[in-house]
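> Using only what follows, build the 3D model:
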Amino acid sequence: MMSHLTTLSAQQTQAHPHPSSAKVMRNYQVVLKCADQSQREEINQRIRILEERQTTLLTPYVVKKAIDLYQSNPKEKFFVRKLGKAVGMNPNIAESAFHWLQIAVKGKIDKEKKVQGMFNFLLKNPQQLIEWVIFGRSPYTERSLENYWKLKRRYIINLLVNTRTQADSYWRKKRDNVYTSATLKLNHLLPIYTQLDVLQAIDDALFYQQHEFSVLPKLTKNQQTFLNKLKLLKKEQSTVVPFLPSWINSPQPSRWKSLKELAEQLAQVLGKPTRKLFSAVRLIVVFTLFDHYMQSVPQLIKALPVEQVVPPPFKRKKKGRLPIKLLMKKDYVITREGNSKELTNQVNKQGWTELGFPQKGKKRLNAQVHFPKKVLEYIQNGARIKVFQVSCGKAPSYKPRVDVVLEGTHDCFHSSTLLQSYLHHIPAKKTSVLGIDINRLGQYMVVFNVPAPLPPDVMVLAKSYDHLSKKVIDELNLGYLTKRKEYNTLGSCKLKGELNRVYARRSRILREITRLLPHFLAAVLVKKKCKTLKIERLTADATGTKGALAKAIYTMPDSLFIYKKAVWLASLELGYEVKLKDVPPYHTSSIHHGCKGTLSRVKGQHDFAPCSKCGQQVNTHENAALNIASLKGVILPNDLFPSTHV
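Predicted coordinates:
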């Protein structure tokens, strides 16, 4: 089934180069030091003018030519040179503009392949196809593509919804009556159906699901639960049926959200408010509309041109502007002292270089670019300067941003300084197997089956994040709403800007925690002389949740990259390969590791729970880590170099 998908990653088919010879690129922010604030603002204004010039070059005609050129030869040097000749533009700022355009076109082509793969999958699965046409989403499709493409669930959801919207737009442009049918419009009208049709759909859905499950030797817990939901709706059909025709025959602002609300309402009416009936009700709706849509939808999907569904790059105005890309050996309007080799040698000797910002009719302004200690260490290890990126800053500081891209082997970017600094916080008792429980941001965000307290710098960041989330943002939101009600434009604008800055600061804190955690985990593995690290299968997803649960899931350090990087760093220090295993997540937090009793969790109390068998008050996170360490797991393949910044 999945073999019909056409987007197998090239990384899965190419052999990894030897670590010592593999070249990688890393991006770091550096400091632009100006003489004073007035010079900084003038330099910032000149950069802004260049960014605006760069944006004006990306016209629809240029984008169309770029797409045609990329399909003939995707190599960047060929692409930029040929595109400049094809469109008759060759200012030096075009080199930067066409660099970004090449990246955007590459993304469009890749998305077209994914959309085609998605269509192939939907055509092979009619039930999911109809579900997608009605709701713009299909959970089974989302899970299947997520596992096949190894991408985040949110990306797949956005792909499904955006493709459905674009397909709707394409169909509306057609003159034929089949295309302009109101029943094909997303979140609009559906075909008219009666209660008898819904009754028949309930019977068909239950029969189909029982037949599908009958060939399985044993049903899983989720499969049995789903079948029980369908049987419940069949049993209570006299109560359920009147609700569905009225929902089908009425226009809805969002079919997905409104059906979810209807499922919650049905659960209340049936006297089972805790039952989640959404998936079962959704299946009944699909079976009700199945025959009508199968007459035309598969033919429409087959005739749908993918290149029309995926919009071209820069069709919509992006928030902010593209930074100026200063490629080496190019005569740019922002000058620098020499080519890549000369700049690398200069920075290696004195720790800084100089950029010039000329403007016609005005004096050229110069500013020093100073490199952080960490970046200088990488350059001294053999990395070389590849590219500078310059972008203008915003009020109130008007501070321009400069990034440097370094190129070198992986050895150039490896540093164990942070790992070594964490070692003295960790008890020295050795253990060959470590289990780790992953939780929301805070004191118990990562808990081992042996004592290993979080380092102070990570705890400070976690407390800062919590303070911003629970106090500062709430106060600013309240003040902002008050100013809006008072029609105080100036005050509301100031508070809105402050809110944006606090959100950006909170995001940076989360990113910094994600950067530090692998080094701490690696330090624990090194100090304990660990040979195997076990983690739960990482399936946490905030989709479909709300409130405190959604916030908790969002802040969980559940990225597999964190643990692969930790294992890789520890393996380098220990001199042998540390294995990473994942174990099934079922009941690790609800079964007491000591006596195998059940932990009774109370709503709102996540950290401690009493055992129903022995009565002991148990730390649920430490207990889960002990359970994880004792379970059998599946070895995950180690990435040679999973880190973007090691």
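> Now do the domain split for this protein, please.
Segmentation of the chain into domains, based on automatic domain parsing, reads 187-295, 417-584+631-636.
> What are the neighbouring residues in contact with the nearest residue to Leu206 once chain neighbours are set aside?
Leaving out its chain neighbours, the residue that sits closest to Leu206 by C-beta to C-beta, 6 or more residues apart in numbering is Leu230, at 4.9 Å. In short, each C-beta sits where N, CA and C put it, glycine included. Counting by C-beta atoms under 8 Å, 6 or more residues apart in numbering, Leu230 touches 202, 205-206, 209, 280, 283.
> State the distance from Leu230 to Val161.
Taking C-beta to C-beta, to the nearest Å as the measure, Leu230 falls 27 Å from Val161.
> got it, and Arg53?
35 Å.
> Next: Val404.
When Val404 is compared with Val161 (using C-beta to C-beta), they lie 37 Å apart.
> Then Leu322?
Look at Leu322 and Val161: by C-beta to C-beta, they are 26 Å apart.
> quick check: mean pLDDT across the helix or strand hosting Gly408?
Here Gly408 is covered by strand 401-409, with elements defined by DSSP states H and E. Mean pLDDT, computed over strand 401-409, is 92.
> what comes up buried for that strand?
401-402, 404-409 (16 or more other C-beta atoms under 10 Å).
> Just the CA atoms of stretch 239-254, as CSV, please.
C-alpha atoms of stretch 239-254 as CSV (Å, rounded to 0.1, in the frame of the first residue of the first chain):
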residue,chain,number,x,y,z
THR,A,239,-31.5,8.5,20.4
VAL,A,240,-28.5,9.0,18.1
VAL,A,241,-30.1,9.0,14.7
PRO,A,242,-32.1,12.3,14.9
PHE,A,243,-28.9,14.3,15.7
LEU,A,244,-26.9,13.3,12.6
PRO,A,245,-29.3,14.3,9.7
SER,A,246,-29.7,17.8,11.2
TRP,A,247,-25.9,18.1,11.4
ILE,A,248,-25.4,16.8,7.8
ASN,A,249,-28.1,19.0,6.3
SER,A,250,-26.9,22.2,7.9
PRO,A,251,-23.8,24.3,6.9
GLN,A,252,-21.0,24.4,9.5
PRO,A,253,-18.1,26.8,9.9
SER,A,254,-15.9,23.8,10.6
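> average pLDDT for it?
Stretch 239-254 carries an average pLDDT of 91.
> which residues touch that stretch?
Applying C-beta under 8 Å, 6+ apart, the external contacts of stretch 239-254 come out as 187-195, 197-199, 202, 233, 258-259, 262, 265-266, 269-270, 281, 284-285, 288-289.
> and Ala263, helix, strand or coil?
helix (DSSP: H, G, I helix; E, B strand; the rest coil).
> Near it, how many other residues are there?
19 (other C-beta atoms under 10 Å).
> Can you give me the distance of it to Lys257?
Look at Ala263 and Lys257: by C-beta to C-beta, they are 11 Å apart.
> and Lys33, what is it in contact with?
Applying C-beta under 8 Å, 6+ apart, we find Lys33 in contact with 367-370.
> Of the residues you listed, keep whichever come out buried.
When neighbours are counted using 16+ other C-beta under 10 Å, these contain these buried positions: 367, 369-370.
> Pick out whichever of Leu322 and Val161 has more residues nearby.
The neighbour count for Leu322 versus Val161, taken as other C-beta under 10 Å, is higher for Leu322 (20 against 16).
> list the contacts for the more buried one?
Leu322 neighbours (C-beta under 8 Å, 6+ apart): 51, 54-55, 96-97, 100, 391.
> Narrow the contacts of Lys33 to those in strands?
Among the contacts of Lys33, DSSP state E puts 367-370 in strands.
> can you redo those residues as CSV with distance to Glu337?
Below are those laid out as CSV (distance: C-beta to C-beta, whole Å):
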residue, distance to Glu337
Ala367, 12
Gln368, 11
Val369, 10
His370, 14
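> Surely Asp216 is within a helix?
For residue 216 the amino acid is Leu, not Asp. No. Under three-state DSSP, Leu216 falls outside any helix and is assigned coil.
> Give me the phi and psi angles of it.
Leu216 adopts backbone torsions of phi -90, psi 140, taken as degrees, to the nearest 10.
> nearest residue to it other than its sequence neighbours?
Distances taken as C-beta to C-beta, 6+ apart place Gln223 nearest to Leu216, at 7.5 Å, with adjacent residues excluded.
> For the one you found, the count of nearby residues, please.
14.
> State the phi and psi torsions of it.
Here is the backbone geometry of Gln223 (degrees, to the nearest 10): phi -60, psi -40.
> Let me know whether it touches Ser214 as I believe.
No. Gln223 is beyond contact range of Ser214, at 11.5 Å (criterion: C-beta atoms under 8 Å).
> Where does the nearest residue to Val269 once chain neighbours are set aside fall, secondary structure wise?
Nearest in space to Val269, with sequence neighbours left out and distances taken as C-beta to C-beta, 6+ apart, is Thr239 at 6.1 Å. Assigned by DSSP H and E, Thr239 belongs to helix 237-240.
> buried set for the very next helix or strand once past that helix?
Using DSSP H and E, the helix or strand that follows helix 237-240 in sequence is helix 243-248. By neighbour count on 16+ other C-beta under 10 Å, the buried set for helix 243-248 is 243-245, 247-248.
> For the chain, which element, helix or strand, carries the lowest mean pLDDT?
helix 547-555 (a mean of 55; mean pLDDT, DSSP states H and E).
> Please report how far Leu355 lies from Lys349.
For Leu355, the distance to Lys349 equals 17 Å [C-beta to C-beta].
> for Phe278, same thing?
Distance from Phe278 to Lys349, counting by C-beta to C-beta: 65 Å.
> So those two - more neighbours on which side?
Phe278 (20 against 8).
> Tell me the one of the contacts of Lys33 nearest Thr165?
Using C-beta to C-beta, Val369 comes nearest to Thr165 of the contacts of Lys33, at 43.5 Å.
> Next, the contact list for that closest one, please.
The neighbourhood of Val369, defined by C-beta under 8 Å, 6+ apart, consists of 30-33, 352-355, 388, 402, 404.
> Could you export those residues to a markdown table, including columns for secondary structure and distance to Ala104?
Listed next are the contacts of Val369 as a markdown table, based on DSSP: H, G, I helix; E, B strand; the rest coil; distance: C-beta to C-beta, whole Å:
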| residue | secondary structure | distance to Ala104 |
| --- | --- | --- |
| Val30 | strand | 25 |
| Val31 | strand | 29 |
| Leu32 | strand | 27 |
| Lys33 | strand | 33 |
| Trp352 | strand | 33 |
| Thr353 | strand | 30 |
| Glu354 | strand | 31 |
| Leu355 | strand | 26 |
| Phe388 | strand | 20 |
| Val402 | strand | 23 |
| Val404 | strand | 22 |
